[in-house]
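# Need a 3D model of the sequence below.
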Amino acid sequence: MVTCNFNVLAANEKNLQFIGEHKQAFDLEYLYPLDIFERLVAKSEPCAIECSCKIESDKLDPARFNLAIRHQRYAEQAQAVLEFFRAVETRVGVKLNYDLLHQFMYGFDYSKVTQIMAGIDARVEFADARVKTWWAIKDYPEKLETAIALHGDSPELRLLLAINYQLVVGFHLYLNGHSTIRLYPLIPREKFLRMDVQMQLAKVLSLPALRLFDYCHAVSLVLKKDGDKILHYHLLDNQVNSFIDNLHNDMATRVHAHYRDKPIRYTTVSLSERELLTGSIKTINMYYMNN
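As a prediction, the model looks like this:
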């Protein structure tokens with residue numbers, strides 16, 4: 001690949017180059033629907049790209065990309081996401097289930113959303129491939145309750161929302177017609193540095209999970225149906241290398257080697273609390289957002 005000077009590239013060209021370098025670094029061959037996603041990236045400006053790898057023991061899935069459009073025309077963003085999904089559906093054998101997403105979107109007030117993202121998780125195993133979208137909402141109790149009703153309520157979720165009344169709502173639409181909703185309550189650093197908040201978080205999270213908050217500017221969680229919790233550690237810039245090095249995971253070290261010296265806007269690492277407690281971390285999601 002010819003390396004271009006980022007300073008002379010248009011924003012969408014930078015994003016496509018960022019994707020291309022990720023594909024090259026991890027020997028990523030074509031997987032559907034990556035070409036359709038890249039077309040969305042090419043016409044979305046200004047935006048940022050998040051490249052991601054999923055590690056499961058000795059297996060690496062690197063065909064994971066997310067798009068964050070950096071303007072506040074959220075109704076247009078929502079339509080662009082839906083058009084992207086419909087383009088993915090043009091392939092024979094692909095059928096997306098919009099039921100959960102449409103119920104959430106019905107009557108939506110776009111002045112209450114702070115971010116909409118789109119993404120793909122392309123897999124060799126077609127049944128595991130999916131497209132995704134995330135909606136960050138704030139001060140929108142009606143849609144927060146809609147999201148909770150679609151997902152399922154719990155005392156732990158309510159406790160986290162009492163700490164910070166802000167939520168990211170995610171939808172995973174599998175190419176085989178299955179769909180899920182995920183809720184990501186967010187705890188920013190200014191909250192979890194408070195002693196009273198730490199006492200509340202201790203009712204939900206284990207000490208090993210809480211100790212890693214020190215590395216972060218924010219932490220978001222997914223409360224799984226089986227009782228496990230997936231923690232998304234949004235890392236401070238000066239803590240990224242030490243956090244990943246301390247995982248002592250060869251595959252994570254290999255992934256991070258590509259990004260260690262790159263100018264990255266945000267780095268996020270997701271871990272299972274259950275695996276943290278056993279001392280055997282086998283499942284790791286790593287996310288790198290470009291400048």
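
# Going by C-alpha atoms from here, please, whenever you check contacts or count neighbours.
Fine.

# Report the buried residues of stretch 41-54.
Along stretch 41-54, these residues count as buried under the neighbour rule (16 or more other C-alpha atoms under 10 Å): 41-42, 44-45, 47-54.

# And residue 185, how close does it get to residue 164?
Separation of residue 185 from residue 164 (C-alpha to C-alpha, to the nearest Å) stands at 8 Å.

# And the two? Which one has more around it.
Neighbours per residue, other C-alpha atoms under 10 Å: of residue 185 and residue 164, the larger number sits with residue 185, 25 against 17.

# That one bridge partners, please.
For residue 185, the beta-bridge partners are residue 167 (DSSP bridges).

# Next, format the buried residues of stretch 41-54 as a markdown table and append distance to residue 172, pLDDT and secondary structure.
What follows is the buried residues of stretch 41-54, written out as a markdown table (distance: C-alpha to C-alpha, whole Å; pLDDT from 0 to 100; DSSP: H, G, I helix; E, B strand; the rest coil):
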| residue | distance to residue 172 | pLDDT | secondary structure |
| --- | --- | --- | --- |
| 41 | 19 | 93 | helix |
| 42 | 23 | 91 | helix |
| 44 | 21 | 84 | coil |
| 45 | 24 | 77 | coil |
| 47 | 21 | 85 | strand |
| 48 | 20 | 91 | strand |
| 49 | 18 | 95 | strand |
| 50 | 17 | 97 | strand |
| 51 | 17 | 98 | strand |
| 52 | 16 | 98 | strand |
| 53 | 17 | 98 | strand |
| 54 | 15 | 98 | strand |
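
# Looking at those, point me to the pair that's furthest apart.
Distances among these were taken as C-alpha to C-alpha; the most separated pair is 45 and 54, at 26.9 Å.

# Can you give the distance from stretch 144-155 to the centre of its chain?
The chain centre lies 20 Å from the centre of stretch 144-155; the measure is C-alpha atoms, centre = their mean, to the nearest Å.

# again with stretch 62-75
10 Å.

# just stretch 245-260 next, same as before
Per C-alpha atoms, centre = their mean, the centroid offset for stretch 245-260 relative to its chain is 19 Å.

# Ends of stretch 187-199, what's the gap?
End-to-end distance for stretch 187-199, by C-alpha to C-alpha: 14 Å.

# ah, wrong one, I meant stretch 242-262
First residue to last in stretch 242-262 (C-alpha to C-alpha) measures 16 Å.

# List the residues that contact residue 157.
Residue 157 sits next to 185, 223 when contact means C-alpha atoms under 8 Å, 6 or more residues apart in numbering.

# Over to the one 10 residues further on?
Going by C-alpha under 8 Å, 6+ apart, residue 167 touches 136-138, 144, 161, 183-186.

# again with residue 243
By C-alpha under 8 Å, 6+ apart, residue 243 lies in contact with residue 215.

# That one in helix, strand or coil?
helix (DSSP: H, G, I helix; E, B strand; the rest coil).

# quick one: it from residue 58, how far?
Taking C-alpha to C-alpha, one finds residue 243 at 20 Å from residue 58.

# what's the first-to-last distance across stretch 236-249?
Termini of stretch 236-249 sit 20 Å apart (C-alpha to C-alpha).

# quick one, strands of the stretch 51-200 of the chain?
59-69, 113-121, 130-138, 166-174, 179-188 (DSSP state E, counting those that start in this stretch).

# what's the second one packed up against?
Strand 113-121 is packed against helix 34-42, strand 59-69, helix 74-88, strand 130-138, with contacts defined by 3 or more C-alpha pairs under 8 Å, 6 or more residues apart in numbering; DSSP states H and E.

# Output that strand as PDB - backbone C-alpha positions only.
Output of strand 113-121 as PDB, limited to C-alpha atoms (Å, rounded to 0.1, in the frame of the first residue of the first chain):
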ATOM      1  CA  VAL A 113     -29.800  12.100  20.800                       C
ATOM      2  CA  THR A 114     -26.100  12.900  21.200                       C
ATOM      3  CA  GLN A 115     -24.600  10.400  18.800                       C
ATOM      4  CA  ILE A 116     -25.600   7.800  16.200                       C
ATOM      5  CA  MET A 117     -23.100   5.200  14.900                       C
ATOM      6  CA  ALA A 118     -23.200   2.400  12.400                       C
ATOM      7  CA  GLY A 119     -21.000  -0.600  12.300                       C
ATOM      8  CA  ILE A 120     -20.300  -4.100  10.900                       C
ATOM      9  CA  ASP A 121     -18.900  -7.300  12.300                       C
END
